[in-house]
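Visitor: structure of the sequence below:
(2 chains)
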Amino acid sequence: MSTRRSRRAPLGAALAVVAALALAACGSGSGSGGSTADAGTPDASAEIVIGSTNEPTGLVRNVGGSSGVSQTMTRNVFEGLTSVDVDGQVVPTLAESWDVSDDGLTYTFHLQPDVTFHDGTPLTADDVVWSISEAIGPESKSARKSDLLVIQQATAVDDSTVELDLSRPSQGLTFYLASVTIVKDGDTELTSDNGTGPYRFVEWVQGDHLTIERYDGYWGEPAKNAGVTFRFFQDTTALNNALLTGDLDLVIAEDSPDQLVQFQDNPDFTITEGTSTTKQLWAFNDREAPFSDVRVRQALYKAIDREAILSAVWDGYGQVIGSMVPPTDPWFVDQADVHAYDPDAAEALLAEAGVSDLEISVDYIPDDTTEAILALLTKNLAAVGVTLTPNPIDDATWYQKVYTDHDFQTTLMGHVNPRDVLWYANPDFYWGYDNPQVQEWVTQADEAATEAEQVDLLTQVNETIGEEAASAWLYLDPQIRVARADVTGFPVDQVTESFYVADIVRES
Amino acid sequence: MRLALLRIGSLLISLAGASVVVFVVLRLLPGDAAGATLGVGTTTDQLDQLRSELGTDQPVVTQYVQWLGQVVRGDLGTSFVSRLPVADLITQKLPITVPLSVAAFVLAVLVSVPLGVIAAVHRHGPVGVAVSAVSQLGVAVPVFWVGVLLVLVFALRLGVLPAGGFPRTGWEDPAAAVRALVLPVVTVAIAMSAVMVRYVRSATLDVLDQDYLRTARALGYGRWHALARHGLRNAAVPVVAILGIELATSLLGAVVIENVFALPGLGTLLLDSVTSRDLPVVQALVLLLTAVVLVTNTLVDLGQRAIDPRLRLAKEVAA
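Guide: Sure thing, here's the model as predicted:
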């Protein structure tokens, strides 16, 4: 759910440059900020083809794992009571509105009228109760299950009203409910595809594509295109070639600036740069020496020239951050300078901590970007007398060795999810950061009476983990998309797990 | 008859051996499908629960016996990760990988056999030297690089062929499917031809040096005539062995090429399944590929004996 599986064949960067040079396209570029606006005459019968390297591993709902299924299906095919919109705000969806009792323990959701599933049956409160119960039930493997366990009971008051009883007040409830997609009562099919969204699921051919088509009975504003096909690629060169030859309308995410050369200065394409919530981390195993010593973590953090790393990897795109919180989360404070690059201070701190000749192993899943980061990290740390030993491993090994067994010293990893700063309040999480004060603030924040209070408390959490260098946050990925010039209406930022496609249009 | 039974018996033993090796090796690797499926954010309890559902918490021997029982009944099982039937996943990919491999192989044979013979006959002339040099180059250049160059020229620059992918409707539109396969086929064929030309050339050279060919020349046959009449049949014996190996590797070589051309074939599936420890899929694929190699070897053997009666005699005497 939170890490993005990004695989790239080793031929990526260099070949892209060669391709770009050989093509030598001419013309002047057109970059656009904000949200891409509709222009020309949108073709409501157009089928949009989107290229992605983030394929779902399966279509089973309520299972953590890859972000691929959320990206393609959530909001497009399946909907929740609430949604997180493209700006990161919680908005009503299948729930038209909700009331909260004074003690914050009872939420009453009033369902949107006239909602039908793709098989034509109307949505009822029973369907909602069923879906929520499944998400928190004993069989649930949802990565959000622990966040949702605050729900004691879900009850259908009448056909269009659902009541949720909580064990304690929860400011985060409506946010977490966005990840609970509503299916028909009793629907346990592993690849259940009967949702309420603007699109109905057509087919998924593993390793190739996933197709959805506009659902004409949709209760809300209908999709502006006739359907969308997500095509999945393992190799980014192949992905970009498909865009160049007109086989794709849009690429969701470019992984490195090398690939952009061939689209820049080409009037046939639009490049957008938005923000993402993907944080690149050098995570320490905080439960083990020497990383259990806050001074060592701070020293290591100060030894890193993050600006240099970002510019080497992203060539001017992206943003240096100082904590787990991206600017789009409500509790963001800019901490990029708290442990700014200062090798002298790093050496002093290491000496103070009594650490010398430190040798650190780094577990990482190799791809071009990670290799580049590692090379610069190694150089930075060598300058303060720390030796890094790279240990390349694959996805499945990472999950076992690092995530499950905590058998690691440090690791490089990209974390995609919004609002995942809360993991620093879980001492059993893979990085093992254990600060009782932080844990208490997080608990209080969720139980807070007002949103302002919640934001206040989480801001303190944010500042504390930043100050204590719980991990070394290297930078925030930019969200770079490339589209054919006649394709507009796609979200520019990626601050949610879903990629909402209903507003995408192609001019006829 | 006895020979055929022996053949089938050894084939089954080899398959069983391969299945054990694959099973054990895959389970010795760190990492499990449960972790790769659920990802960050899930709890240890949830992981344990999934492992128990998948049966990966059982002892390896138990897992192996269960799996073997399924396979014998013709059930390849269910993918750990996508929960789709393994048999469906594989049959979905066959209409891409099989035509790709076979077409590449046929094209390679059509190109490399004549070229190899020409290179041998004109070994000191400019044509022979040129063919040898080009085939050297073909062996040295990585196959993906050839693919990328072809895409660059024919898809991106000239725009005459697609850069990759396969029609979503599969073979419903044969013209589109064929167009999608042209560049991958040529890429694989180039790599295979480069290897084969060298073998054909050296096999032909061996034959050219034989006494019987010199005798034929002495009897007044022209160089080509002598070769055609007496040489090629003999040269074919080692060549057939190489063709067999190449046919099998053409399937395996698809891994790299399917990636470059974004083709959803067996190679892509295998790569993906290994990365996510989707063991039922990997096992089935390895078993399938092993079977193909073994069957090809048997065919090669039969082919060689059909060509060269001396082999038939030798084997019969030995048996």
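Visitor: report how many residues lie close to residue B:281.
Guide: Residue B:281 has 28 neighbours, counted by other C-beta atoms under 10 Å in any protein chain shown. Every C-beta, even on glycine, is put in place using the N, C-alpha and C of the backbone.
Visitor: my bad, residue A:271
Guide: Neighbour count for residue A:271, taken as other C-beta under 10 Å: 18.
Visitor: one more: the one 4 residues further on?
Guide: Each residue near residue A:275 was counted by other C-beta under 10 Å, and the total is 19.
Visitor: from what I see, residue A:108 and residue A:99 are in contact.
Guide: Yes. Applying C-beta atoms under 8 Å, one finds residue A:108 in contact with residue A:99, separated by 4.6 Å.
Visitor: which one of these two has more residues nearby?
Guide: Using other C-beta under 10 Å, the more surrounded residue of residue A:108 and residue A:99 is residue A:108, with 16 against 11.
Visitor: that one belongs to a strand?
Guide: Yes. Judged by DSSP: H, G, I helix; E, B strand; the rest coil, residue A:108 forms part of a strand.
Visitor: so who does residue 241 touch?
Guide: I'll assume chain A. Residues near residue A:241 by C-beta atoms under 8 Å, 6 or more residues apart in numbering or on different chains: A:19, B:151, B:155-156, B:163-164.
Visitor: chain B is the one I meant
Guide: Residue B:241 touches B:300, B:304, counting by C-beta under 8 Å, 6+ apart.
Visitor: list phi and psi for it.
Guide: The phi/psi pair for residue B:241 (degrees, to the nearest 10) reads phi -60, psi -40.
Visitor: state the distance from it to residue B:199.
Guide: 9 Å (C-beta to C-beta, to the nearest Å).
Visitor: go on, residue B:193?
Guide: Applying C-beta to C-beta to residue B:193 and residue B:199 gives a distance of 11 Å.
Visitor: these two: which is more packed in?
Guide: A direct count of neighbours by other C-beta under 10 Å for residue B:193 and residue B:199 places residue B:193 higher, at 27 against 21.
Visitor: shouldn't the more buried one be within a helix?
Guide: Yes. Membership of residue B:193 in a helix is supported by three-state DSSP.
Visitor: I'd say it and residue B:137 touch.
Guide: No. Between residue B:193 and residue B:137 there is no contact under C-beta under 8 Å: 11.6 Å.
Visitor: in the stretch 101-250 of chain B, what residue comes closest to chain A?
Guide: Closest residue of the stretch 101-250 of chain B to chain A, C-beta to the nearest C-beta: residue B:163 (3.9 Å).
Visitor: wait, isn't that residue in contact with residue B:157?
Guide: No. The pair residue B:163 / residue B:157 is not scored as a contact, 10.8 Å apart, by C-beta under 8 Å.
Visitor: so those two - more neighbours on which side?
Guide: Using other C-beta under 10 Å as the criterion, residue B:163 and residue B:157 rank with residue B:163 on top: 26 against 13.
Visitor: got a list of what that one touches?
Guide: Residue B:163 touches A:238, A:241-242, A:244-245, A:247, B:151, B:155-156, B:183, B:261, counting by C-beta under 8 Å, 6+ apart.
Visitor: give me phi/psi at it?
Guide: phi -80, psi -10.
Visitor: let's see the pLDDT reported for it.
Guide: For residue B:163, the model assigns a pLDDT of 88.
Visitor: what about it, distance to residue B:176?
Guide: 14 Å.
Visitor: neighbours of residue A:287, how many?
Guide: 15.
Visitor: tell me if it really is in a helix.
Guide: No. Looking at residue A:287 with three-state DSSP, it is coil, so not inside a helix.
Visitor: please enumerate the strands of the stretch 301-450 of chain A.
Guide: A:359-364, A:387-392, A:410-415 (DSSP state E, counting those that start in this stretch).
Visitor: who wins for proximity to residue B:118 among the ones you listed?
Guide: strand A:387-392 (46.2 Å; C-beta to C-beta).
Visitor: helices or strands up against that closest one?
Guide: strand A:359-364, helix A:368-382 (3 or more C-beta pairs under 8 Å, 6 or more residues apart in numbering or on different chains; DSSP states H and E).
Visitor: quick one: name whatever helix or strand follows the helix ranked longest in chain A.
Guide: For chain A, the helix with the greatest residue count under DSSP state H is helix A:451-467. Next in sequence after helix A:451-467, counting helices and strands by DSSP states H and E, comes strand A:472-484.
Visitor: quick one: average confidence on whatever helix or strand comes next after that following strand?
Guide: Next helix or strand after strand A:472-484 toward the C-terminus (DSSP H and E): strand A:487-488. On average, the pLDDT along strand A:487-488 is 96.
Visitor: neighbouring strands for strand A:487-488, and are they parallel or not?
Guide: If you go by DSSP bridges, strand A:487-488 pairs up with strand A:505-506 (antiparallel).
Visitor: contacts for the strand it pairs with, please.
Guide: Contacts for strand A:505-506 (C-beta under 8 Å, 6+ apart): A:38, A:42-44, A:46, A:48, A:224-225, A:249, A:484, A:486-489.
Visitor: what about it, distance to the chain center?
Guide: The chain centroid and the centroid of strand A:505-506 are separated by 25 Å, computed with C-alpha atoms, centre = their mean, to the nearest Å.
Visitor: may I ask which helix or strand of chain B has the lowest mean pLDDT?
Guide: Within chain B, judged by mean pLDDT, DSSP states H and E, the helix or strand with the poorest mean is helix B:309-318; its value is a mean of 62.
Visitor: got it, and chain A?
Guide: strand A:31-32 (a mean of 36).
Visitor: next secondary structure after that strand?
Guide: strand A:47-52.
Visitor: give me the mean pLDDT for that following strand.
Guide: 96.
Visitor: which helices and strands does that strand pack with?
Guide: helix A:68-73, strand A:227-232, helix A:236-244, strand A:250-251.
Visitor: okay, it in CSV with CA atoms only?
Guide: Extracted in CSV, the C-alpha atoms of strand A:47-52 (Å, rounded to 0.1, in the frame of the first residue of the first chain):
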residue,chain,number,x,y,z
GLU,A,47,-11.1,6.1,-25.2
ILE,A,48,-8.1,7.3,-23.2
VAL,A,49,-5.0,5.1,-23.0
ILE,A,50,-2.8,5.7,-20.0
GLY,A,51,0.7,4.2,-19.5
SER,A,52,1.9,3.2,-16.1
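Visitor: paired strands for that strand, with orientation please.
Guide: strand A:227-232 (parallel), strand A:250-251 (parallel).
Visitor: any chance of a markdown table for these, columns distance to residue B:237?
Guide: Listed next are the strands paired with strand A:47-52 as a markdown table, based on distance: least, C-beta to C-beta, whole Å:
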| stretch | distance to residue B:237 |
| --- | --- |
| strand A:227-232 | 45 |
| strand A:250-251 | 52 |
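Visitor: out of these, which is the most enclosed?
Guide: Most buried of the strands paired with strand A:47-52 by mean neighbour count (mean count of other C-beta atoms under 10 Å in any protein chain shown) is strand A:250-251; its value is a mean of 27.
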